[in-house]
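Peer 1: Sequence and predicted structure below; questions after.
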Amino acid sequence: MDSAPSAREVCELVEKRYLRRGLALAVTASIALAACTTPATTGTSPSPGASATTAGTFTRGQGGELKILYWQAPTILNTHQATGTKDYDAARLIQEPLASWGVDGKPAANGLAKEIPTVANGGVSKDFTTVTWKLVDGLKWSDGSPVTADDVVFTSKYMADTDTADPNSDFMSGVKSVVATNASTVTVTYEAATANPYQFGTGGGNEIMQKAQFEKCLGAKASECPENLKPIGTGPYKLTEFKSGDVVTYEINTNYRDAKKPYFKTVQFKGGGDALSAARAVFQTGDVDYGWNLQVEAPVLKSLIQGSSKGDYLGKASSNVERVNINFANPDPALGDNRSEPTTKHPFFNGPDGLIVRQALAMATDRATIGDQLYGNGLTGTSTCNQLLGNDDWTSKNTASMSVCKFDTAAANKLLDDNGWAKGSDGVRAKGGIKLNVLFATTVNALRQKEQDILKANWEAVGFKVELRSISAGVFFSNAADGANRFYYDLSMFTNGSTPDITGYMAGWTTKQIAQKSNNWNQNNYHRYSNPAYDAIVEQMRTTTDQAKLNQLGIQANDILIKDVVVIPLVNRFQVASGKSKALQGTNLNPWDSEMWNIADWYKTP
């Protein structure tokens, strides 16, 4: 019997299989390669991938106030109960993971970890089942107490606890144990060899919590714990005041591990307004230093950018997809507590004719017009019919030939005609007394309302009646009754995307992650979609260490979502479509992590 390959042989195999095929720095191989190499340690050095010019150019607190504008206002500051980007980003100034995802899709040691574990430095076992994380020496919480391995272990327990319903719980899937081997060392053991040894601990959703603060917040009461609004962290800033749905103010965390950082003395993280007002605040008036998510009609945004002497546009392609989500459960208010519960079935999107009706809806969707007219065909996004994007190696080419990806109202009408969905005198189709009436919700945003208008016209042309609803982002991305996770409507629209860990992203459509009352609607499968074949593919992805095979499984999972019309992808949006003051430096566009991932490195020039 042949002996098992050595760690060096495993790493050489990865290199031959990917890099020598011309896929240099391909993210599909980057995680495995990162586990094979020895990156630099950190703690007081600039973040890997961050601006090297920040080193030694400023002193802590030199810069006064940093003004950040998010037109979607944060409502919570604990990433382990958050469901919106606005909340994750606002919390990231305070809460940090062990490591970030860097701009190249590899782990970056700008968090709590002293270094990135690898096979070469002994941090990753040769069989890729255990990972040892070492904390930065002398690490402290903002209250001055020491950060220990027990805090990391507690965070893992919080994430894994079913009743706590952490929306990031999938990062614990396949994790056998998280153990403190001493006060500053944690060993993570996976149930089997893993393609991503950094699954737990890296990037957004893996922020480490202070055990002393949150240990009484476990279980069903977690979502209502007052500590969610005032977390103690290790980040460059600590909370001064939080007005939920309005503004967060921060001051320097004097216990931050780098004595030279951060540059800004205080931060104002303002919420509210709209994307256009945020763009004007950056490019016209210069009232803010950073304006997030400038989801503005392309011609308007282009004019603001070109005419500005005050701001610069930040744009980078990413895995983010603006999409229509279909509810497989019944949102009828008459159902009371059972409304949109997975035990119910949507009257026409689920059941015998469910696929037919969903297919017709998809075929009547003009994504090209949305991509060209509203997103500038490359300025802030491009039209797409895939849900899994971000790298060519895991992007499906199969969807190009699928009928549900082609805008064809004649075919959509014929499909419904052939299956007994007849148009009435009002132009609305019905069958068996059930009319194709849909309530379509998204956030309040001028561009999104134009998307809704285009889609309403598309869908009504084939016999749907479409009622539009626009909901404040602070409510839509929260646990309120009108929140996207409760899905008390037929269709919704929003954007998110994958990290380099595509398994974790695709797990968001598994049966295990169905959002429902019993888990406080805190899981990621808002659709209430359940497909054993899909679940099985994701389970295969969890235990696949061959990156090429993992990519193919990701494509299979993507294709199921498109064929089943669980989602209707519209636009591949830029991860960072934001604006900054011309004086603001150190921002480093990152398609894989929070826009705030390296805020400790931000500074201003005169």
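Peer 2: Arrived safely.

Peer 1: Give me the distance between residue 477 and residue 569.
Peer 2: 20 Å (C-beta to C-beta, to the nearest Å). For every residue, glycine as well, the C-beta is placed using N, CA and C.

Peer 1: ugh, typo on my part, it should be residue 368
Peer 2: 12 Å.

Peer 1: can you check residue 206 too?
Peer 2: Residue 206 is 27 Å from residue 569, by C-beta to C-beta.

Peer 1: ok, the two, which is more surrounded?
Peer 2: residue 206 (28 against 24; other C-beta atoms under 10 Å).

Peer 1: That one contacts residue 96, doesn't it?
Peer 2: No. Here residue 206 does not reach residue 96: they are 9.2 Å apart, not a contact under C-beta atoms under 8 Å.

Peer 1: Show me the shaky parts of the stretch 1-150 of the chain.
Peer 2: The stretch 1-150 of the chain contains residues with pLDDT under 70 at 1-56.

Peer 1: Strands along that one, start to end?
Peer 2: Residue ranges of the strands in the stretch 1-150 of the chain, as given by DSSP state E, counting those that start in this stretch, are 65-70, 100-101, 107-108, 130-134.

Peer 1: Quick one: those strands as JSON lines, columns for mean neighbour count and distance to residue 178 too.
Peer 2: JSON lines is the format used below for the strands of the stretch 1-150 of the chain (neighbours: other C-beta atoms under 10 Å; distance: least, C-beta to C-beta, whole Å):
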{"stretch": "strand 65-70", "mean neighbour count": "22", "distance to residue 178": "32"}
{"stretch": "strand 100-101", "mean neighbour count": "28", "distance to residue 178": "19"}
{"stretch": "strand 107-108", "mean neighbour count": "30", "distance to residue 178": "17"}
{"stretch": "strand 130-134", "mean neighbour count": "22", "distance to residue 178": "9"}
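
Peer 1: quick one, which of the ones you listed is nearest to residue 442?
Peer 2: Ranking the strands of the stretch 1-150 of the chain by proximity to residue 442 (C-beta to C-beta) places strand 65-70 first, at 17.2 Å.

Peer 1: what's in contact with the closest one?
Peer 2: 86, 89-90, 264-271, 273, 278, 281-282, 287-293, 602 (C-beta atoms under 8 Å, 6 or more residues apart in numbering).

Peer 1: Now go through those and say which are in strands.
Peer 2: 266, 267, 268, 269, 270, 271, 290, 291 (DSSP state E).

Peer 1: right, and the pair among the residues you listed with maximum separation?
Peer 2: Pairwise over the ones in strands among the contacts of strand 65-70, using C-beta to C-beta, the maximum falls at 266 and 291, 18.2 Å.

Peer 1: In terms of neighbours, single out the busier of those two.
Peer 2: Neighbours per residue (other C-beta under 10 Å) separate residue 266 from residue 291, with residue 291 holding more: 29 against 16.

Peer 1: how near is residue 172 to residue 311?
Peer 2: Counting by C-beta to C-beta, the separation of residue 172 from residue 311 is 41 Å.

Peer 1: And the two? Which one has more around it.
Peer 2: Neighbour count, other C-beta under 10 Å: between residue 172 and residue 311, residue 311 has more, with 27 against 20.

Peer 1: got the contact list for the longest helix seen in the chain?
Peer 2: If you go by DSSP state H, the chain has its longest helix at helix 547-563. With contacts defined as C-beta under 8 Å, 6+ apart, helix 547-563 is touched by 14, 17-18, 28-29, 32, 195, 385-388, 393-396, 398-399, 402, 404-405, 502-503, 506, 509, 531, 533-534, 537-538, 540-541, 544, 566-567, 569.

Peer 1: For it, what does the pLDDT average out to?
Peer 2: Helix 547-563 carries an average pLDDT of 97.

Peer 1: for stretch 251-261, same thing?
Peer 2: Regarding stretch 251-261, the rounded mean pLDDT is 98.

Peer 1: and it, how far apart are its ends?
Peer 2: Stretch 251-261 has an end-to-end distance of 12 Å (criterion: C-alpha to C-alpha, to the nearest Å).

Peer 1: Next: stretch 492-509.
Peer 2: This stretch, stretch 492-509, spans 15 Å end to end (C-alpha to C-alpha).

Peer 1: What of stretch 280-293?
Peer 2: Start-to-end, stretch 280-293 (C-alpha to C-alpha) is 13 Å.

Peer 1: cool, and stretch 257-269?
Peer 2: 22 Å.

Peer 1: residues in contact with it?
Peer 2: Residues contacting stretch 257-269 (C-beta under 8 Å, 6+ apart): 43-44, 56, 58-68, 70, 74, 90, 93, 136, 138-140, 234, 236-237, 240, 247-252, 256, 586, 599-604.

Peer 1: Would you mark the buried spots in it?
Peer 2: Residues of stretch 257-269 classed as buried: 257, 258, 260, 261, 262, 263, 264, 265, 266, 267, 268, 269 (neighbour count, 16 or more other C-beta atoms under 10 Å).

Peer 1: How far does the longest helix of the chain sit from its chain's centre?
Peer 2: Put simply, helix 547-563 sits 19 Å off its chain's centre (C-alpha atoms, centre = their mean, to the nearest Å).

Peer 1: again, but for stretch 558-578
Peer 2: That offset, for stretch 558-578, works out to 13 Å (C-alpha atoms, centre = their mean).

Peer 1: Same question for stretch 110-122.
Peer 2: With C-alpha atoms, centre = their mean, you get 24 Å for stretch 110-122.

Peer 1: And it, end to end?
Peer 2: End-to-end distance for stretch 110-122: 20 Å, by C-alpha to C-alpha.

Peer 1: before we move on, what about stretch 176-187?
Peer 2: Start-to-end span of stretch 176-187 (C-alpha to C-alpha) is 11 Å.

Peer 1: before we move on, what about stretch 99-113?
Peer 2: End-to-end distance (C-alpha to C-alpha), stretch 99-113: 6 Å.

Peer 1: Please renumber the chain so that the first residue is 39 from this point on.
Peer 2: I'll keep to 39 as the first residue from here, and by that count the last item is stretch 137-151.

Peer 1: pLDDT on stretch 480-495, on average?
Peer 2: Stretch 480-495 shows a mean pLDDT of 96.

Peer 1: If we go by neighbour counts, what in it is buried?
Peer 2: 480, 481, 482, 483, 484, 485, 486, 489, 490, 492, 493, 494.

Peer 1: Just give me how far it sits from the chain centre.
Peer 2: Distance, centroid of stretch 480-495 to centroid of chain: 22 Å (C-alpha atoms, centre = their mean).

Peer 1: before we move on, what about stretch 354-365?
Peer 2: For stretch 354-365, the separation from the chain centroid amounts to 10 Å (computed by C-alpha atoms, centre = their mean).

Peer 1: What mean pLDDT does that stretch get?
Peer 2: Mean pLDDT, stretch 354-365: 93.

Peer 1: Alpha carbons of it, in PDB - could you do that?
Peer 2: Extracted as PDB, the C-alpha positions of stretch 354-365 are listed here (Å, rounded to 0.1, in the frame of the first residue of the first chain):
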ATOM      1  CA  LYS A 354     -14.300  46.500  -7.600                       C
ATOM      2  CA  ALA A 355     -15.800  43.400  -9.100                       C
ATOM      3  CA  SER A 356     -17.100  40.900  -6.600                       C
ATOM      4  CA  SER A 357     -19.300  37.900  -6.000                       C
ATOM      5  CA  ASN A 358     -22.300  40.000  -5.000                       C
ATOM      6  CA  VAL A 359     -25.600  39.400  -6.800                       C
ATOM      7  CA  GLU A 360     -28.700  41.600  -6.800                       C
ATOM      8  CA  ARG A 361     -31.400  39.000  -7.000                       C
ATOM      9  CA  VAL A 362     -35.100  38.300  -6.700                       C
ATOM     10  CA  ASN A 363     -35.900  35.800  -4.000                       C
ATOM     11  CA  ILE A 364     -39.000  33.600  -4.200                       C
ATOM     12  CA  ASN A 365     -41.000  32.500  -1.200                       C
END
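
Peer 1: Sweet, I'm off.
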